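*Asks:* no sequence on this one, just coordinates:
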């Protein structure tokens, strides 16, 4: 995976992140943010394609993979999307990128949303995969949503309930959650799956990822409420799985238009793990959108 990518540890804003990056030095910068319970390895099919035309940066979010897992606190603020977003700003600044594009999935897309709200001058355009805004998803929770996305409510339970339950069989939990979310199929390459499972067996990773969900159910919503009325101004493409909870339970474009001024998107023929199921299509959709909606003229070769 990630042939010709540099791997290094880069200090974020309070946490050191493991980062993979590659691409022409004169190309526009693009950061790709992964979801739960994965690592930057989820971009192994997408990133090498985009690296022909972009400076692609793939970090492990704080608390995940090979990145640092700082201690949390009773407010869960070290795992707020605001704190995670500050890491990404610091990493991109370290690599010389003041303004950049974002492609993000799942939890990473929630980090991207907060990053664009807090630091709009740093974001040229974004593509977000398979989410609706966090606050609105909680506000519109139904029995169907809670049944399908049970992990949202389980992982946000007070410590140590989810940690102890997951630690009893981390691999079994990981596969139960992820393969069920892919309609019972396994869309993961052997190498990526090996990386995911190795990372998730670490007790600190289990705890940190629970803190991510606790933050989402508490301090992240507080931050959203404080920003009520504030909307994203950069171009935004949202793609969601035709065979997933966003399509089943929410009107994604309507919800995103409450939070952003320039939104387009659609459901696509995939499950939640679309970047690994249809990487060529995802890479092309990202590149086409960025080419048409930013000052950069780029193509996939």
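*Replies:* Sure thing, it's come through. Remember, predicted model here, so these are calculated numbers, not experimental data.

*Asks:* how near is the residue nearest to residue 119 when sequence neighbours are not counted to residue 114?
*Replies:* Closest residue in space to residue 119, ignoring its immediate chain neighbours: residue 89 at 5.8 Å, by C-beta to C-beta, 6 or more residues apart in numbering. Bear in mind the C-beta positions are built from the backbone N, C-alpha and C, glycine included. Computed as C-beta to C-beta, to the nearest Å, the residue 89 to residue 114 distance reads 11 Å.

*Asks:* try residue 79
*Replies:* From residue 79 across to residue 114, the span is 12 Å (C-beta to C-beta).

*Asks:* So for the two, which sits in the more crowded spot?
*Replies:* Set residue 79 next to residue 114 and count neighbours by other C-beta atoms under 10 Å: residue 79 wins out with 29 against 22.

*Asks:* which ones are touching the residue lying closest to that one once chain neighbours are set aside?
*Replies:* Leaving out its chain neighbours, the residue that sits closest to residue 79 by C-beta to C-beta, 6+ apart is residue 211, at 3.9 Å. By C-beta atoms under 8 Å, 6 or more residues apart in numbering, residue 211 lies in contact with 63, 72, 76, 78-79.

*Asks:* hmm, try it at 7 Å
*Replies:* 63, 72, 76, 79 (C-beta atoms under 7 Å, 6 or more residues apart in numbering).

*Asks:* picking up where we left off before, which residues are in contact with the residue nearest to residue 119?
*Replies:* Residue 89 neighbours (C-beta under 7 Å, 6+ apart): 13, 115, 119, 122.

*Asks:* ok, 10 Å please
*Replies:* Neighbour list for residue 89: 12-13, 31, 97-98, 100, 115, 118-119, 122-123 [criterion: C-beta atoms under 10 Å, 6 or more residues apart in numbering].

*Asks:* same check, this time on residue 176
*Replies:* The contact partners of residue 176, taken as C-beta under 10 Å, 6+ apart, are 151, 169.

*Asks:* helix/strand/coil for it?
*Replies:* helix (DSSP: H, G, I helix; E, B strand; the rest coil).

*Asks:* do the same with residue 153
*Replies:* Strictly by three-state DSSP, residue 153 counts as helix.

*Asks:* The one 4 residues further on now?
*Replies:* When the structure is split into helix, strand and coil by three-state DSSP, residue 157 lands in coil.
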